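Chemist: have a look at this fold, sequence not included:
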């Protein structure tokens with residue numbers, strides 16, 4: 001793992017995704033979660049302060065050691081019992097049907113084998129368990145989408161494989177989840193990076 005990816009990028013992501021303006025998005029993203037939750041792309045724990053009181057245990061999946069260290073103080077202040085359990089969403093060290101909910105924020109854009117990771121979420125979610133996701137992705141406007149395709153090679157290099165042109169709702173539905181709600185709109189900022197989708201899906205198994 002490169003020095004940039006391990007030592008610098010986690011700080012950049014923590015700053016960029018930890019602004020006050022992002023808190024409102026995160027608060028909505030965690031609504032309705034309860035019990036035992038698996039969070040892929042846990043990062044520096046930016047969702048921890050807004051977990052609903054009904055969330056009891058969080059299985060955190062995060063590959064970057066520095067990000068896990070940055071999360072320490074947030075975890076210490078959390079009412080939920082947060083446990084780091086794995087590094088990669090494609091291979092979750094959890095039992096089948098062991099989680100009541102799942103959470104992903106700005107993660108499906110980066111996972112190399114996103115289809116396998118979503119399959120793993122379905123495996124560990126109990127039947128009827130909910131999957132909440134907040135992601136950026138391909139914009140509906142042709143002009144913005146063209147810029148996203150132009151920027152994507154550099155984005156993948158600078159942001160650890162992050163894609164600008166994935167459609168999160170389509171990925172979730174293709175993995176076999178039943179998408180109950182999905183709302184997309186632009187947040188504040190440069191449009192190629194801020195077309196956000198908030199969604200809730202259910203594991204039908």
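Modeler: Yep, that arrived. These numbers were taken from a predicted model, which means no experiment stands behind them.

Chemist: which residues touch residue 83?
Modeler: By Cβ atoms under 8 Å, 6 or more residues apart in numbering, the contact set of residue 83 is 57, 58, 59, 60. Quick note: C-beta positions are derived from backbone N, CA and C, even for glycine.

Chemist: 6 Å instead?
Modeler: Neighbouring residues of residue 83 by Cβ atoms under 6 Å, 6 or more residues apart in numbering: residue 59.

Chemist: any idea how far the residue of the chain positioned farthest from its centre is from residue 100?
Modeler: Using Cα atoms, centre = their mean, the residue of the chain lying farthest from its centre is residue 143. It sits 26.3 Å away. Applying Cβ to Cβ, to the nearest Å, the value for residue 143 to residue 100 is 42 Å.

Chemist: could you pull out the helices for the protein?
Modeler: Remark: helices assigned in the chain by DSSP state H are 3, 9-17, 20-29, 65-70, 72-76, 114-124, 142-158, 168-174.

Chemist: can these go into TSV with extra columns for mean pLDDT and distance to residue 131?
Modeler: As requested, the helices of the chain are exported to TSV (pLDDT from 0 to 100; distance: least, Cβ to Cβ, whole Å):
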stretch	mean pLDDT	distance to residue 131
helix 3	83	34
helix 9-17	90	20
helix 20-29	94	11
helix 65-70	95	22
helix 72-76	97	22
helix 114-124	98	6
helix 142-158	97	25
helix 168-174	98	7
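
Chemist: which one of the ones you listed lies nearest to residue 136?
Modeler: Of all the helices of the chain, it is helix 168-174 that lies closest to residue 136, at 8.1 Å by Cβ to Cβ.

Chemist: make TSV from the helices of the chain and add distance to residue 189 to it.
Modeler: Below are the helices of the chain laid out as TSV (distance: least, Cβ to Cβ, whole Å):
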stretch	distance to residue 189
helix 3	28
helix 9-17	10
helix 20-29	9
helix 65-70	22
helix 72-76	24
helix 114-124	23
helix 142-158	12
helix 168-174	18
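
Chemist: closest one to residue 190 among those?
Modeler: Among those, helix 142-158 comes nearest to residue 190, with 9.0 Å by Cβ to Cβ.

Chemist: fine by me, we can end here.
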